[in-house]
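> Give me a model of this one.
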Amino acid sequence: LQRGIEVVSETTDGIVLRQPESGAEIELSLDRMFLTPDDYVVGQWIEPSGRLPGELAEGLRRTIVPMPPRLVLQRLGGGGGLPAVERAGSYDGLWIRTVVAPNDPTHSEAATRELAALFRSWGADAATVALRERGIDGNGHLMLCETNSDEVLELILDEVASPAGG
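Residues are numbered from 1 along each chain as shown. Model (predicted):
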């Protein structure tokens, strides 16, 4: 869920978007594949985390692949955003958990809770699992790549194994 993605500028060749949660700007050229810029990777994914070892940063960078610009635009909520959900009834009774890390600048706890509320409004059994509320702190956007990934995974597996999830 992207709240109010801002179009900073737009031409026939490209668009610049500003993310509402972090204020980070993303520039897309519509005529070529998009590769997440290094300053974004560092500023939004690596630096905010208290649990992502610096020596792993280069390996992380090598995992980032180019994406079609219109897919990126849609995913970020620009250009009309994600496709509308036309049959919300398909969510009825669906078990969904959104997990939020305390140091993820692009996915705040408030926005993550709004997403769970949206799923609930469609009939899903949706809730947010906030790592900080579960005693896990310091994680960022890449929580399953961080030094405590086993702890985060165990929490997720416990959620899945709970009576409602399993």
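
> any chance you could map the helices in this protein?
38-40, 57-62, 69-76, 109-121, 149-161 (DSSP state H).

> how about those in JSON lines, adding mean pLDDT?
Listed next are these as JSON lines, based on pLDDT from 0 to 100:
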{"stretch": "helix 38-40", "mean pLDDT": "88"}
{"stretch": "helix 57-62", "mean pLDDT": "81"}
{"stretch": "helix 69-76", "mean pLDDT": "86"}
{"stretch": "helix 109-121", "mean pLDDT": "93"}
{"stretch": "helix 149-161", "mean pLDDT": "94"}
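
> Nearest to residue 46, out of those helices?
Among those, the nearest to residue 46 by CB to CB is helix 57-62 (5.3 Å). Using the backbone N, CA and C atoms, a C-beta is placed for each residue, glycine as well.

> May I see the buried residues of the closest one?
Neighbour counts over helix 57-62 (16 or more other CB atoms under 10 Å) mark 57, 60 as buried.

> mind saving the C-alpha coords of that helix as CSV?
This file holds the C-alpha atoms of helix 57-62, laid out as CSV (Å, rounded to 0.1, in the frame of the first residue of the first chain):
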residue,chain,number,x,y,z
ALA,A,57,26.1,-4.7,1.2
GLU,A,58,28.0,-5.5,-2.0
GLY,A,59,26.4,-8.9,-2.2
LEU,A,60,23.0,-7.4,-1.7
ARG,A,61,23.6,-4.9,-4.5
ARG,A,62,24.4,-7.8,-6.9
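
> same for it, what does it pack against?
Using 3 or more CB pairs under 8 Å, 6 or more residues apart in numbering; DSSP states H and E, no helix or strand is in contact with helix 57-62.

> returning to what we had before: now distance to residue 19 too, for the helices of the chain, in CSV please.
Formatted as CSV, the helices of the chain follow (distance: least, CB to CB, whole Å):
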stretch, distance to residue 19
helix 38-40, 10
helix 57-62, 20
helix 69-76, 7
helix 109-121, 10
helix 149-161, 23
